[in-house]
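A.B. asks: here is a sequence together with a model predicted from it:
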Amino acid sequence: MEITAVVLSALTLGLVQMIKSFGLPQKFTPLIALAVGIGLSLLAMLINGLGVVISIFQGLMIGLASVGLYSGVKNSIDKR
C-alpha cells in the first residue's frame, strides 16, 4: 500500500498541474487534488483489492499529500 500511495501521490500532483494549465483557478486546486486522489485510489482498488472505504480514505490522504508536496516545494523555492 505504501508504494502505491507514493506513486499515486506523484501522479495526482502531475495531473493536477496539468489541469491547472487549462486555466483552473488557484483556489480550486486542493479540491481537484482530492477528487483526483480519490479517483486514482478507487482505480487502484481494482488492482490491490482494498475495500471501498479504505480506498476513499487513501485517496483523501493522497490528495492532501500532493497538495502539501506542491506547497512545500513552492515555498522552498520562493525563499531562495
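C.D. replies: Yes, it's here. Numbering: from 1, shown residues only.
A.B. asks: give me the helix or strand of the protein that scores worst on average pLDDT.
C.D. replies: helix 52-78 (a mean of 81; mean pLDDT, DSSP states H and E).
A.B. asks: centre of the chain versus that helix, how much separation?
C.D. replies: 5 Å (C-alpha atoms, centre = their mean, to the nearest Å).
A.B. asks: go on, stretch 33-48?
C.D. replies: Per C-alpha atoms, centre = their mean, the centroid offset for stretch 33-48 relative to its chain is 9 Å.
A.B. asks: and that stretch, which residues are buried?
C.D. replies: Ala33, Leu34, Ala35, Val36, Gly37, Ile38, Gly39, Leu40, Ser41, Ala44, Met45 (16 or more other C-beta atoms under 10 Å). (Each C-beta comes from the backbone N, C-alpha and C, glycine too.)
A.B. asks: what does stretch 10-25 give?
C.D. replies: Those buried within stretch 10-25 under the rule 16+ other C-beta under 10 Å are Leu11, Thr12, Leu13, Leu15, Val16, Ile19.
A.B. asks: just put these in CSV and tack on distance to Gly51, secondary structure and pLDDT.
C.D. replies: Below are the buried residues of stretch 10-25 laid out as CSV (distance: C-beta to C-beta, whole Å; DSSP: H, G, I helix; E, B strand; the rest coil; pLDDT from 0 to 100):
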residue, distance to Gly51, secondary structure, pLDDT
Leu11, 21, helix, 91
Thr12, 20, helix, 91
Leu13, 25, helix, 88
Leu15, 24, helix, 92
Val16, 25, helix, 90
Ile19, 28, helix, 90
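A.B. asks: tell me the mean pLDDT for stretch 25-40?
C.D. replies: Mean per-residue pLDDT for stretch 25-40: 90.
A.B. asks: and that stretch, how far from the chain's centre?
C.D. replies: For stretch 25-40, the distance to the chain centre is 7 Å (C-alpha atoms, centre = their mean).
A.B. asks: among the buried residues of stretch 33-48, which ones are in helices?
C.D. replies: Using DSSP state H, the members of the buried residues of stretch 33-48 that fall in helices are Ala33, Leu34, Ala35, Val36, Gly37, Ile38, Gly39, Leu40, Ser41, Ala44, Met45.
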